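> based on what follows, work out the 3D shape:
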Amino acid sequence: MTTGRRTVLLGGTSLALGGCLFDRAYYEKNPQQKAFLDGLQALARPALDSDNPLKIEEAAKQSVVLADKVGVFTGWRGIVKVVEGNAQKVSVTFDIGPQVSLYAFNDWALAMAGSVTDLFSTRSRETPPPGLSDGAIAALKTFRLGQTVAISGRMGEIAGSGLFDLTRLFGKSDWDNRQFLQTPRFVARIETLAASE
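Here you go, the predicted model:
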């Protein structure tokens, strides 16, 4: 009788643990997100292994192009990593994959000087849109650091603001390009945040 109880207890525990082990990682649950991360890895790994600065620079440029092609994304999973500032001048970083993050901010004055913003605007002289919608900021107040959330928004051309990414206009060193390929960080406009299932 005691042996039967142990078997049931150990068997149930093994099944529960086994189910956790075979569960997909949070960043693999959305096909678009997984394809983006796989694309980044396919660009970065061969370039870094080659130890050729020209290949590394090209892979960094292609990674930015890949992010631009994503455009609007829905239901990506991310972990709330860093939240800084206040409700008006918030910036937030989400881990969306192994060493890959999204960064969104609402204080453009801190991100770049106003005169530079005006100089590189390709649409109008209006203030660029905030990186987080009001709804996203309200939802952000309910989450804790380290929590997995569902993220929807836009990537590319500084989240659709019409501003050029200054990192594309000025040369980067080989070290900068390597660092970017190892831990890429992309600016995004976050429209909605929700608790992840």
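> paired strands for the lengthiest strand in the chain, with orientation please.
Of all the elements of type strand in the chain, the one with the most residues (DSSP state E) is strand 72-84. The strands beside strand 72-84 in its sheet (DSSP bridges) come out as strand 91-97 (antiparallel), strand 148-155 (antiparallel).
> quick one: low-confidence parts of the chain?
For the chain, applying pLDDT under 70 flags the ranges 1-23, 108-129, 157-171.
> which residues are contacting the longest strand of the chain?
The contact list for strand 72-84 (Cβ atoms under 8 Å, 6 or more residues apart in numbering) reads 26-27, 29-30, 32-33, 90-96, 101-102, 140, 143-155, 196. (Glycine included, C-beta is placed from N, CA and C.)
> among those residues, name the buried ones.
Using 16 or more other Cβ atoms under 10 Å as the burial test, the contacts of strand 72-84 include 26-27, 29-30, 33, 90-96, 101-102, 140, 143, 148-155, 196 as buried.
> nearest residue to residue 44 other than its sequence neighbours?
residue 181 (4.1 Å; Cβ to Cβ, 6 or more residues apart in numbering).
> which parts of this protein are helices?
For the chain, the helices defined by DSSP state H cover 2-22, 31-50, 53-70, 108-111, 114-119, 134-140, 157-160, 166-169, 174-182.
> the second one to helix 53-70, inter-axis angle?
Same thing as helix 31-50. Helix 31-50 runs at 170 degrees relative to helix 53-70, counting by axes from the mean of the first three to the mean of the last three Cα atoms, to 10 degrees.
> who are the packing partners of helix 31-50?
For helix 31-50, the helices and strands in contact under the criterion 3 or more Cβ pairs under 8 Å, 6 or more residues apart in numbering; DSSP states H and E are helix 53-70, strand 72-84, strand 91-97, helix 174-182.
> so which of the ones you listed is nearest residue 131?
Among the helices and strands packed on helix 31-50, the nearest to residue 131 by Cβ to Cβ is strand 91-97 (7.6 Å).
> could you export the closest one as PDB, CA atoms only?
Output of strand 91-97 as PDB, limited to C-alpha atoms (Å, rounded to 0.1, in the frame of the first residue of the first chain):
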ATOM      1  CA  SER A  91      11.500  54.000 -20.700                       C
ATOM      2  CA  VAL A  92      11.200  50.300 -20.600                       C
ATOM      3  CA  THR A  93      13.200  47.300 -21.800                       C
ATOM      4  CA  PHE A  94      11.700  43.900 -22.600                       C
ATOM      5  CA  ASP A  95      13.800  40.700 -23.200                       C
ATOM      6  CA  ILE A  96      12.100  39.100 -26.200                       C
ATOM      7  CA  GLY A  97      14.600  36.300 -26.700                       C
END
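> no further queries at this time; thank you.
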